[in-house]
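# Prediction below, plus the sequence it came from.
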Amino acid sequence: MSLPRHTNPPTNDEAMEISDRYLQIAAAIARPSGDVRADVDRITDLLVDYFTDDPMIASQRLWYFAGVGPVLVAGAMKKAHRGALPRGGFWAIEQVGAGDADPNVLAAAQAVTFQLNGDQDASHDVLDAHFAVVATQHGSNAAHNALFDVVLHHLQMLAELIKNGVLDGR
């Protein structure tokens, strides 16, 4: 996993916890109870329980979440297509109106596209570059918010795959 220089890759136990938490949140998004307030509270609790008040640990965990999202989404997409490559032999996620699209949405889609094509380093480079550009233009807090938005887009992608029966989502 290619993370920013200030972080360490997660341990195996942390990676399992991250993946489990990610899937729990995506399943909560995919299967709403009908009570919007309760659903928001449940998803918020899952996020708050994972993230912490310590800004350094929270930042590190955000990067872990950002790194695992494309892996889980790409794995589920490949499962949905039984691993078969599309015509032309290259996976691509197309964005309608890409020129006007939210840069966070584009970063999320690009990271998954690279992961689908087996280039994990490029997938992480997209996240690193997106964070760096936002940080340079708007500061560290804005960059962390943008990265969190990318994570939310990955969670929404995974939730759609769960809704469509690709994953059981527990």
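Sure thing, it's come through.

# State the distance from residue 125 to residue 13.
Distance, residue 125 to residue 13, using CB to CB, to the nearest Å: 26 Å. Heads up, the C-betas are built off the backbone N, CA and C, glycines and all.

# Residue 115 too?
Residue 115 is 23 Å from residue 13, by CB to CB.

# Looking at those two now, which is surrounded by more residues?
residue 115 (25 against 8; other CB atoms under 10 Å).

# quick one: pLDDT of that one?
In this model, residue 115 is scored at 92, pLDDT.

# mind checking how far it is from residue 52?
Counting by CB to CB - residue 115 and residue 52 are separated by 27 Å.

# Quick check on residue 9: phi, psi?
Phi and psi for residue 9, reported as degrees, to the nearest 10, are phi -60, psi 150.

# do you know how far it is from residue 63?
Counting by CB to CB, the gap from residue 9 to residue 63 is 10 Å.

# And the two? Which one has more around it.
residue 63 (24 against 12).

# That one and residue 144 touch, don't they?
No - using CB atoms under 8 Å, residue 63 is not in contact with residue 144; the gap is 9.6 Å.

# who are the neighbours in contact with residue 57?
For residue 57, the contact set (CB atoms under 8 Å, 6 or more residues apart in numbering) is empty.

# Which strand or helix spans it?
Applying DSSP states H and E as the criterion places residue 57 in helix 55-80.

# distance between that helix and the chain's centre?
Mean C-alpha position of helix 55-80 versus that of the full chain (CA atoms, centre = their mean, to the nearest Å) differs by 4 Å.

# tell me, what residue is most central in the protein?
Ranked by distance to the mean C-alpha position of the chain (CA atoms, centre = their mean), the top residue is residue 69 at 3.1 Å.

# Chain neighbours aside, what residue packs nearest to that residue?
Closest residue in space to residue 69, ignoring its immediate chain neighbours: residue 154 at 3.1 Å, by CB to CB, 6 or more residues apart in numbering.

# what's around the one you found, how many residues?
25.

# can you check residue 117 too?
Residue 117 has 16 nearby residues by other CB under 10 Å.

# how much space between the spatially closest residue to it that is not a sequence neighbour and residue 124?
Once flanking residues are discounted, residue 117 sits nearest to residue 91: 5.3 Å by CB to CB, 6+ apart. Distance from residue 91 to residue 124, counting by CB to CB: 17 Å.

# who has more neighbours, the two?
Using other CB under 10 Å as the criterion, residue 91 and residue 124 rank with residue 124 on top: 21 against 18.

# I appreciate the help and will end here.
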